[in-house]
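**Q** got a sequence here, can you build the structure:
(chains A and B)
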Amino acid sequence: MLIKRKEGQAARQGLAAALAATGAERLDRRAFLRRSGLAAGGLAAIGSIGFGSVREAQAKMPVAGKPVEMKKNMCTHCSVGCTVKAEVQEGVWVGQEPAWESPINRGTHCAKGAAVRELVKGERRIKYPMKLVNGEWQRISWDVAFDEISKKMLEIREKSGADSMWFLGSAKFSNEGAYLFRKFAAYWGTNNVDHQARICHSTTVAGVANTWGYGAQTNSYNDIRNAKTMIIMGGNPAEAHPVSLQHVLSGKEVNRANMIVIDPRMTRTAAHATEYVRMRPGTDIPVIWGMLHHIFKNGWEDKEFIQQRVYGMDMIRKEVEKWTPAEVERVTGIPGAQLERVAKTFATEKPSTLIWCMGATQKTVGTANVRAFCILLLATGNVGGMGNGANIFRGHCNVQGATDLGLDVTTLPLYYGLDAGAWGHWARVWETDIAWLRGRFDVTKAPDGKETSMMEVPGIPSTRWFDAVSMPKDQVAQRDNVKGLFIMGHGGNTVTRMPEMVKGLEKAELLVVADPHPTTFAHISNRKNGTYLLPICTQFECSGSRTASNRSIQWGEKVVDPIFESANDYWVMHQFAQKLGFADRMFKNITMVKGKYGMEPEAESILREINRGGWSTGYCGQSPERLKAHMKNQDKFDLVSLRAPKDAPAEVAGDYYGLPWPCWGTPEYRHPGTHQLYNTNLHVKDGGGTFRARFGVEYEEPQADGSKKKVNLLAEGSFSKDSELKDGYPQFTYGMLKRLGWDKDLTEAEKGTIERIGGNAPDNVSWAIDLSGGIQRVALEHGCIPFGNGKARANAWNLPDPVPVHREPIYTPRTDLVAQYPTRPDFRQFRMPNIGFTVQKAAVDKGVAKEFPIILSSGRLVEYEGGGEETRSNPWLAELQQDMFVEINPADAADRGIRDGAWVWVLGPENGSKARVKALVTERVGKGVAWMPFHFGGWFQGEDQRGKYPKGTDPYVLGESVNAVTTYGYDPVTGMQETKVTLCQIRAA
Amino acid sequence: MARMKFLCDADRCIECNACVTACKNEHEVPWGINRRRVVTINDGKPGERSVSMACMHCTDAPCASVCPVSCFYTTADAVVLHSKDLCIGCGYCFYACPFGAPQYPKTSNFGSRGKMDKCTYCAGGPEADGSQAELDKYGRNRLAEGKLPLCAEMCSTKALLAGDGDIIAQIYKERVAKRGYGSGAWGWKVAYKETVAL
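**A** Below you'll find the model as predicted:
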């Protein structure tokens, strides 16, 4: 079949010709982008690599006849936790093989996982430490870097206080790295320490934990195979978590399950759905309340489940009554009949699971959104069993672990919080004098003379650090503004309001970027001095554990030594701790081993310290030995139940894969981990459980007449299998064991430890701070879960909106709805003002929606991840996605005279911001909605900044960041940014 | 011997491009050469479907019949390979291929395209199996090691199947029977002159 073609377009024409043969429509996202992008300037050099032989241009291919060693680690991109099997020859990673034995990915990968080997070839990585000298990058040694940076840090501390250093950690750390970084901040003396979870699932963690105990995925990717109905709302796992679709599609096929996608975009995931529901961005709560309206009206709710295990559902009923099908359609745009069908399916074709991602969380109402999602699950009895639950897909490879280990401005590791009890617990684990720790923190004085130790005050989140640099000092509730930024493994283009971020960056005195790649932080501002780039290796170049979204912890072994002059997180943190004078205290109980540049902390030893303190979340049973045994015996675990049979090798028999937390007791106790949280059908020693009694035994509920009514918060008539207590019960303490007469089951050693911890009041020592593990062990032996058997809360009275209510986005095109559904009033959070209400009011008053009529949303592409610096530096991935673009509906494009593939300006309503990108005209987005991916960087406000990268470290593909035009808006509970709904205007460029 | 084929289950393919980067990774395929690619039809519309495409290793391969230097040959496993030593880069095979499989390293005037490159079914070329020469010219030879093409082995949703034609057709048939839908084995009619009866 010869077709006419122009000379010189052979390769690309081939695709078109092949498609012509199918008679299908030709244009897709990549076809058009690839055509347009192939000859772009920075790429020409790569395109011209000779190809007479494949190998010449690239070195690291296996050599015939030399022995090959296999190493196992996990993919460092999303949270699915795919095993990566590496072939190593003479210290070089030469090939990847499918890890068939992994129950999570069964050998498979997505584009990113299949390309991870490139990360340790790393042509575009930072090769050696550098600093900016009068605007020029200069090579320096590690020693000079440590000396200069720590000297400056101490100077800032001296002048402005410990809180003027701001620490940003990473969801790419191993668990051990994350834990060390949090500990590092504690020993430095600040709670200004955060990481990507802030901008990913912080609202999930807050909302879900406030509902039933822990803020994590209740089930697992594999367990979705058991579902009969799944709703994916605010997530596009086909691009963000591709390997999860293996489980989702298997469930859909084998169970003939309903797969319903509710999303403003008809995503790649929606393409495989049995039903797709298009909604207006930012109306999640009305959608859920609209569903519940039908459910309550028709009696489809699970009455027994609600009666036994849920508090406050009647208050939800009252709110839901307002959301009639007509009002829901007016606000969300979803026809009543369609939503009724979806509601009926979800409530009656069980088990049903709700899957969500950033579409739910990255909102000014993020916490309320996820609360509503949980309430839908509770109302239909869809939590705590096989095939149901809140399947929350986390983002980065270890964002679950880094969240667990406390890279967070509100808590110490493992959700202990920041109060005196929490510090006391960790000081005991660390064997560090608490008075010394307290002395590390600033003390502030209020105008009335009252002194506050900053030790118990939540810090400044990653969404607001630049405000903390730039705002007038009296607006920031700490000793001084933020002056120094210490950033490990975090992009700079993933946070909203970039024009203001750049100003903050320029004003800061110190900027340290420790990362495999320079990141946006390194090039976007006009800083001239005081800026350091430290080459950090990837997790493939060191050992450690990481926690997948389903709470399974996997041990990754070092594949190769750190390349170039890069070094691992452990060593770098230890070096800084030494220079700053607290290494001896901080690493007191951590073994040092020989590493690339001398002695460095051993990952196994750090994990053992985590085990010794990780009681609250059941991070106590996963010793390095057990995790390594799981990696070795991966093939023994069942694909669906994730459990190893009793006749598996003794070291893993009966365990759930990766010992998903909570894994109670000491490692020797051999708890199997917990596959499905709150599952009352199982014995607690088999991973069963109940809702956590976290909010007390009784609640004094305010009544309409001003009086208070005591309501029971413990479960009623519901308990886990074979529990000796046949009703609800509070969390276990030493005192409770005594009352039950179970204290006699404690060993003398356990009693001794409990009494030592408790001092004058040993009865108050709880399961979470008992370092002996005795209280947990005894509770489990009696069939009880240490954290108690409580009710989940439909009414979370401690949150700003105890019952979730709809609030219009700060920048909404539906200004007619703002009066009825306004955002929350201005208030102060995280040491700073949140003026969302003022901004929303000003936007409405000024008629911003007229000038910027299109809703702008953002999201993920399969080839890239996060800020994209790493993946855009990987030629195998970068080739597939060469241009930043905006999806725009054909009607909106026609109105503006915009052609598919043409350059356009996307204009934002704040700071006169603008981004120059290509137009992808598509019905994927509805009329009035535009969408941009968030992985691009290297261009800013229309300007290509390639020249500002240190030589040889610029990613292959650059582009505008969507956050150049995103706007103000923060969740009232967590400070989560609003990335999913703002306004923009689009014009042909 | 087996009759090796590819089968892409378009109802499973999510266009994640693992097949594409797995191929790049396994054979160090340089920028601009795509032995495999994923094509999406009805992009962004109801009925959107994706298909992973590469050389299908056709029965009576049209590339072979137009090659002026007869550089193509079919292995005992029915894999269609070619010799880069014989190839003159004329591009005829490109015109002949219904799947757009042949790739050329250079696109300049006067026909100097360079040696053609395409999917080898991870089976190397005419040189000795596993030899350095074979590795240099064609990439790795998995088939000789008893492994299947990495693109299919790593497919995230197990949409892309590789292996003996009868076996993968059977897997696909069972899948369709179980789930109750299937749009057919894409490209089989053209490549293998047969379809998978559902």
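
**Q** tell me the pLDDT at residue 10?
**A** Since no chain was named, I'll use chain A. Note on A:Ala10: pLDDT of 32.

**Q** you answered for a different chain; I wanted chain B.
**A** On the pLDDT scale, B:Ala10 is placed at 95.

**Q** do B:Leu198 as well
**A** With respect to pLDDT, B:Leu198 scores 75.

**Q** any idea how far B:Asp9 is from it?
**A** Distance, B:Leu198 to B:Asp9, by CB to CB, to the nearest Å: 12 Å. (Each C-beta comes from the backbone N, C-alpha and C, glycine too.)

**Q** again with A:Phe837
**A** Applying CB to CB to A:Phe837 and B:Asp9 gives a distance of 51 Å.

**Q** show me which of these two is the more surrounded one.
**A** Summary of the neighbour comparison: A:Phe837 and B:Asp9, criterion other CB atoms under 10 Å in any protein chain shown, with B:Asp9 having more neighbours (25 against 15).

**Q** can you check the distance spanned by stretch B:3-15, start to finish?
**A** The straight-line separation of the ends of stretch B:3-15 (CA to CA, to the nearest Å) is 27 Å.

**Q** quick one: low-confidence residue ranges for chain B.
**A** Where chain B drops to pLDDT under 70, the residues are B:107-112.

**Q** all strands for chain B, in order.
**A** For chain B, the strands defined by DSSP state E cover B:4-8, B:36-41, B:49-54, B:72-74, B:80-82, B:160-164.

**Q** of all those, which one is nearest chain A?
**A** Across these, chain A has its closest neighbour in strand B:36-41 (3.8 Å, CB to the nearest CB).

**Q** any residues in contact with both of B:Leu198 and B:Asp9?
**A** Jointly contacting B:Leu198 and B:Asp9 under the rule CB atoms under 8 Å, 6 or more residues apart in numbering or on different chains are B:Gly182.

**Q** next, count neighbours for residue 119.
**A** If you meant another chain, say so; for now it's chain A. A:Leu119: 25 surrounding residues under other CB under 10 Å.

**Q** wait, chain B
**A** Each residue near B:Cys119 was counted by other CB under 10 Å, and the total is 28.

**Q** cool, and A:Ile757?
**A** 19.

**Q** and A:Tyr729, what does it touch?
**A** Contacts were defined as CB under 8 Å, 6+ apart; by that measure A:Tyr729 touches A:693, A:714, A:784, A:788-789.

**Q** neighbours of the nearest residue to A:Asp722 once chain neighbours are set aside, how many?
**A** Nearest residue to A:Asp722, sequence neighbours excluded (CB to CB, 6 or more residues apart in numbering or on different chains): A:Gly783, at 4.7 Å. Neighbourhood size, A:Gly783 [other CB under 10 Å]: 18.

**Q** quick check: A:Gly783 touching A:Trp742?
**A** No: the criterion here is CB atoms under 8 Å, and A:Gly783 misses it with A:Trp742 at 11.3 Å.

**Q** need the overlap of contacts for the two.
**A** By CB under 8 Å, 6+ apart, no residue touches both A:Gly783 and A:Trp742.

**Q** now A:Glu136. Its backbone dihedrals?
**A** With angles defined as degrees, to the nearest 10, A:Glu136 sits at phi -110, psi 140.

**Q** could you do A:Trp430 as well?
**A** phi -80, psi -10.

**Q** what's the neighbour count on it?
**A** 21.

**Q** now tabulate the contacts of A:Tyr729 in JSON lines and tack on distance to chain B and pLDDT.
**A** Formatted as JSON lines, those follow (distance: CB to the nearest CB, whole Å; pLDDT from 0 to 100):
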{"residue": "A:Ala693", "distance to chain B": "40", "pLDDT": "97"}
{"residue": "A:Leu714", "distance to chain B": "44", "pLDDT": "98"}
{"residue": "A:Cys784", "distance to chain B": "41", "pLDDT": "98"}
{"residue": "A:Gly788", "distance to chain B": "40", "pLDDT": "98"}
{"residue": "A:Asn789", "distance to chain B": "39", "pLDDT": "98"}
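
**Q** pick out the most distant pair among the residues you listed.
**A** In the contacts of A:Tyr729, two members sit farther apart than any others by CB to CB. They are A:Leu714 and A:Cys784, at 12.4 Å.

**Q** which one's more surrounded, those two?
**A** Using other CB under 10 Å as the criterion, A:Leu714 and A:Cys784 rank with A:Cys784 on top: 26 against 20.

**Q** tell me the contacts of the more buried one?
**A** Contacts of A:Cys784 (CB under 8 Å, 6+ apart): A:684, A:720, A:723-725, A:729, A:732.

**Q** looking at these, spot the one nearest A:Arg527.
**A** Lowest distance from A:Arg527 to those (CB to CB) belongs to A:Phe732, with 53.1 Å.

**Q** contact partners of the lengthiest helix in chain B?
**A** In chain B, taking DSSP state H as the definition, the longest helix is helix B:165-179. Residues from elsewhere that reach helix B:165-179 (CB under 8 Å, 6+ apart): A:252-254, A:256, B:2-5, B:7, B:9, B:11, B:161-162, B:182, B:185, B:192, B:196-198.

**Q** can you tell me which of these are in helices?
**A** Per DSSP H, the subset of those in helices is A:252-254, B:192.

**Q** closest one of those to B:Pro68?
**A** Nearest to B:Pro68 out of the ones in helices among the contacts of helix B:165-179 is B:Tyr192 (CB to CB; 25.3 Å).

**Q** give me the nearest residue to that closest one, chain neighbours excluded.
**A** The shortest distance from B:Tyr192 to any non-neighbouring residue, by CB to CB, 6+ apart, is to B:Thr59 (5.1 Å).

**Q** hmm, that neighbour is touching B:Lys189, no?
**A** No: using CB under 8 Å, B:Thr59 makes no contact with B:Lys189, being 11.0 Å away.

**Q** and the two? Which one has more around it.
**A** B:Thr59 (15 against 12).

**Q** wait, what's in contact with that one?
**A** For B:Thr59, the contact set (CB under 8 Å, 6+ apart) comprises B:78, B:191-193.

**Q** next one: A:Leu983
**A** Counted by CB under 8 Å, 6+ apart, A:Leu983 has contacts A:811-813, A:843, A:848-849, A:852-856, A:908-909, A:967.

**Q** repeat that for 7 Å
**A** Counting by CB atoms under 7 Å, 6 or more residues apart in numbering or on different chains, A:Leu983 touches A:811, A:813, A:848-849, A:852, A:854-856, A:909.

**Q** restricted to helices, list these.
**A** Judged by DSSP H, the subset of the contacts of A:Leu983 located in helices is A:848-849.

**Q** quick check on the contacts of A:Leu983: which are buried?
**A** Buried members of the contacts of A:Leu983, counted by 16 or more other CB atoms under 10 Å in any protein chain shown: A:811, A:813, A:848-849, A:852, A:854-856, A:909.

**Q** in strands, which of the residues you listed appear?
**A** Mapping the buried ones among the contacts of A:Leu983 onto strands (DSSP E) picks out A:854-856.

**Q** mind putting the residues you listed in CSV, distance to A:Ala343 included?
**A** Formatted as CSV, these follow (distance: CB to CB, whole Å):
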residue, distance to A:Ala343
A:Ile854, 30
A:Ile855, 25
A:Leu856, 30
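
**Q** just put those residues in a markdown table and tack on distance to A:Lys85 and pLDDT.
**A** A markdown table is the format used below for these (distance: CB to CB, whole Å; pLDDT from 0 to 100):
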| residue | distance to A:Lys85 | pLDDT |
| --- | --- | --- |
| A:Ile854 | 46 | 98 |
| A:Ile855 | 43 | 98 |
| A:Leu856 | 41 | 98 |
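
**Q** as JSON lines, those residues with distance to chain B would be great.
**A** Formatted as JSON lines, those follow (distance: CB to the nearest CB, whole Å):
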{"residue": "A:Ile854", "distance to chain B": "17"}
{"residue": "A:Ile855", "distance to chain B": "17"}
{"residue": "A:Leu856", "distance to chain B": "17"}
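
**Q** returning to that earlier point: nearest to A:Thr463 among the ones in helices among the contacts of helix B:165-179?
**A** Lowest distance from A:Thr463 to those (CB to CB) belongs to A:Lys252, with 36.1 Å.

**Q** can I get the CA coordinates of the longest helix anywhere in chain A in CSV?
**A** Using DSSP H, we find that the single longest helix of chain A is helix A:142-160. Taking Å, rounded to 0.1, in the frame of the first residue of the first chain, the C-alpha atoms of helix A:142-160 are listed here in CSV:
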residue,chain,number,x,y,z
TRP,A,142,31.3,18.0,49.5
ASP,A,143,33.5,19.3,52.4
VAL,A,144,33.2,22.9,51.2
ALA,A,145,29.5,22.4,50.8
PHE,A,146,29.0,21.0,54.3
ASP,A,147,31.2,23.7,55.8
GLU,A,148,29.6,26.7,54.1
ILE,A,149,26.0,25.5,54.4
SER,A,150,26.2,24.6,58.0
LYS,A,151,28.0,27.8,58.9
LYS,A,152,25.2,29.8,57.2
MET,A,153,22.5,27.7,58.9
LEU,A,154,24.1,28.5,62.3
GLU,A,155,24.3,32.1,61.4
ILE,A,156,20.6,32.2,60.6
ARG,A,157,19.8,30.3,63.8
GLU,A,158,21.8,32.8,65.8
LYS,A,159,20.2,35.9,64.2
SER,A,160,16.6,34.8,63.6
